[in-house]
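Q: Sharing a model prediction with you, sequence too.
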Amino acid sequence: MRIAHVCIGLAALLYLNHSAPVPVAAKRPVVDTYHGVKVTDDYRWLQTWNDPEVREWSEKENAYARQFLEHLPGVPALRSRVTQIMEAKTISYAGVQYRKGKIFAMKREPPKQQAFLIVLPSLEALDQARVLVDPDTLDAKGSTAIDWYVPSADGALVAVSLSHGGTESGDVHVFDVATGKETEGVVPRVNSGTAGGDLAWMTSGSGFFYTRHPRAGERPPADLDFYQQVYFHKLGTPTASDQYELGQDFPRVGETQLEVDDRTGYVLATVQFGDGGEFSHYLRAPSGSWKQITHFKDKIVQIVFGPNDRLYLVSRAGTPRGRIESVSLTDPDVSHAKVVVPQGPDAIVADFQRGSAKVVPTADRLYVEYQLGGPSELRVFDLDGRPLTAPKQLPVSSVYDVAKLEGNDVLFGNTSYVAPPAFFHFHATENRTDKTALATVSPVDFSDVEVTREFAVSKDGTKVPVNILSPKSTKRDGKNPTIAYGYGGYGISMTPGFSAVRHVLFEHGFVYAIANIRGGAEYGEAWHLSGNLTHKQNVFDDFTAAIEYLMAHHYTSPAHLAIEGGSNGGLLMGATLTQHPDLMRCVVSHVGIYDMLRTEFSPNGAFNITEYGTVNDLAQFKALYAYSPYHHVQDGTRYPASLFLTGANDPRVDAMQSRKFVARLQAANASDEPILLRTSGNTGHGLDSPLSERIAETVDVYAFIFDRLGVSAGN
């Protein structure tokens, strides 16, 4: 039951005002000139984390935030309910892979702090699963995480990247699958939070190819997370003798993924130029020679090994929604590639995350993921491109982790906003889809929640999907507490995802809306490109249109609205906050980007130039400066309550972004609403935060939103 308490926000505000002053950051102007434009930066000094004065200011901000957050009236009830759900012994699985009769998977099992790696002899033998690598046994604090793992072709060995404290700086350890014991010396600096990393086993299992970052002394310190190359490690030998394979001519911001064809021994290296979606491909013959087969300009975004000595390519050359082509493995001239599946009305999904191939060839079929404006779908074709019967899937759902089994069978994950994730076995011969034991049972029932998909109209007339989740009893009276969520960047689509703890919101009458705004790939590469570089303002206009749709259709009003996003979605929060400060009651922004003129000078910022642009280009500078949230904070403006969250070890978005933006907002704000900065000292971008930190963060966020929107967390 939801009860409005008008005194909640006032009580918290009075406590804050009488207990701790807003920390003051000194203004120390630095003036830069870009293309003749002078830009003053008052808080450049806050960029240096190793400066004791910066740390002291950050600690004061944390204390200020904690005094506010811990004394909100709803905290005890929310902490109890959030902990109950997030610590429920509800098991979930991800990253499932198959090797010679063995099933490998990452398993989450609260109250364990981190996911761990298991192996089982078959899909039907979950009771015989064994733990291979458990980070909790390696680190009692829960700060060690598995970045990714790769089993050998025969499933006898598994290589695991382990990192600490949210840094995503991963070293590879090798484990014997039969015994669970570590068998090899550690291979350092394989993965990073900037360029990522990967590994692929030789078919014989005698060694592996891996991505290698420079080691201390090989390059200047500023370049150690760049210039990724490919090396080969032979088991039983010291890493100092590992053999260079490829990459001396790769770009500084190259990001490489590796795959070995177990049948032929060919090796494929896929290199992305920064984070902008341009790829080149290199093929290594069994003889050991490498050959470049595509270039960045070719717009081939994915290549996978197929049967009959064929390569299958996803091309966006003249086809922004993608088509599938085929070329000979032994004579891979892509200019003579044969079109197998032409471009259709929906977009073929193609991304660059480890183990996430979106085109999966089997013995004589192609399994292809399609994006449908937010939801995704798995479709099936024969090797000549003729459509075949697809597996059964949930409505308004997303497909993920498609893994090839024997013959033409596949295993795939499927989930929706209201159905917890589960893996399904598609039996190709019988066209039968069976739910496996690798499934999550939700600790809460979502039968009281409905999902509707609507369309907002953006400033330029573009229709933008909006997914609206709400209790079935919701009245459209304009008074519902509402959270609007968005991202809009890097060609990453906002697909339906299940969150058990989100039910806490629905228990208190919330509406939760996710907007499929431009910058993602919900409608293909054109949708992405219309929201990046000099077109980035379209992203913010789309999100604003989604908010205005919710209000025009009486779901909510500015007094009852919170907006939330993270990372690139944090940029969205900053832009919406500075462009429309009267449109919402409060803002929650996780690990966001706000100073667009300095982003490219952070380590990971160099990888982001292909998405955002650079100040060195006049047109791109003008676009960046036109929307950069940090530079559009106006003195004397009444800003809404805002909670900014960051991790001190974040390798993807430098925490200085949050420090500078909060300092600027606090100095400029003319309202009595709090501007809070919450810095976690032993986490990064949030992808591998321990369970205890995820619970604490969720409690803080929910308590803040409940308080600002006048919602009681009590029964």
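A: All right, it came through fine. Numbers count the residues shown, from 1 in each chain.
Q: and residue 526, how many neighbours?
A: The local packing of residue 526 (other Cβ atoms under 10 Å) involves 14 other residues. Any C-beta I mention is one placed from the backbone N, CA and C, and that applies to glycine too.
Q: Point to the helix or strand of the protein where mean pLDDT is at its lowest.
A: helix 6-19 (a mean of 45; mean pLDDT, DSSP states H and E).
Q: Can you list the low-confidence ranges for the stretch 51-200 of the chain?
A: Judged against pLDDT under 70, the stretch 51-200 of the chain has no low-scoring part.
Q: can you pull out the strands in it?
A: 92-99, 102-108, 116-120, 130-133, 144-151, 157-164, 170-176, 187-191, 199-201 (DSSP state E, counting those that start in this stretch).
Q: who's in contact with the shortest one?
A: To tie it back to what came earlier, the one meant is strand 199-201. 150-153, 157, 159, 161, 172, 190, 207-211, 258-260, 267 (Cβ atoms under 8 Å, 6 or more residues apart in numbering).
Q: let's see it at 6 Å
A: 150, 152, 153, 159, 208, 209, 210, 258, 259, 260 (Cβ atoms under 6 Å, 6 or more residues apart in numbering).
Q: Then the fourth one?
A: Counting by Cβ under 6 Å, 6+ apart, the neighbours of strand 130-133 from elsewhere in the structure are 116, 117, 118, 119, 160, 175, 180.
Q: before we move on, what about the fifth one?
A: Here strand 144-151 makes contact (Cβ under 6 Å, 6+ apart) with 99, 104, 114, 117, 135, 138, 158-164, 170, 191, 199, 354, 688.
Q: Return the distance of residue 319 relative to residue 300.
A: 11 Å (Cβ to Cβ, to the nearest Å).
Q: More neighbours: the two, which one.
A: Neighbours were counted for residue 319 and for residue 300 using other Cβ under 10 Å; residue 300 has more, 25 against 19.
Q: For residue 626, which three-state class applies?
A: Here residue 626 is helix, with the state taken from DSSP: H, G, I helix; E, B strand; the rest coil.
Q: tally of neighbours for it?
A: Using other Cβ under 10 Å, residue 626 has 13 other residues around it.
Q: one step back: neighbour-wise, which of the contacts of strand 199-201 leads?
A: That'd be residue 210 among these, by other Cβ under 10 Å, with 28 neighbours.
Q: what pLDDT does that residue get?
A: For residue 210, the pLDDT comes out at 98.
Q: Who does the helix or strand harbouring it pair with, and is each partner parallel or antiparallel?
A: In this assignment (DSSP states H and E), residue 210 forms part of strand 207-212. The strands that strand 207-212 pairs with in its sheet are strand 199-201 (antiparallel), strand 229-234 (antiparallel) (by DSSP bridges).
Q: got a list of what residue 86 touches?
A: 501, 695.
Q: And it, how close does it get to residue 447?
A: Counting by Cβ to Cβ, the gap from residue 86 to residue 447 is 21 Å.
Q: try residue 390
A: Using Cβ to Cβ, one obtains 27 Å as the distance from residue 390 to residue 447.
Q: between the two, who's got more neighbours?
A: Comparing residue 390 with residue 447 by other Cβ under 10 Å, the one with more neighbours is residue 390, at 17 against 7.
Q: residue contacts, the more buried one?
A: Here residue 390 is in contact with 379, 380 (Cβ under 6 Å, 6+ apart).
Q: Residue 638 too?
A: 670, 671.
Q: go again using 7 Å as the cut-off
A: The contact partners of residue 638, by Cβ atoms under 7 Å, 6 or more residues apart in numbering, come to 581, 670, 671.
Q: nearest residue to residue 392 other than its sequence neighbours?
A: Excluding the flanking residues, the one nearest residue 392 by Cβ to Cβ, 6 or more residues apart in numbering is residue 433, at 4.2 Å.
Q: Make a ChimeraX selection of the buried ones in the contacts of strand 144-151.
A: Here is the ChimeraX command that selects the buried residues among these (16 or more other Cβ atoms under 10 Å):
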select :99,104,114,117,135,138,158,159,160,161,162,163,164,170,191,199,354,688
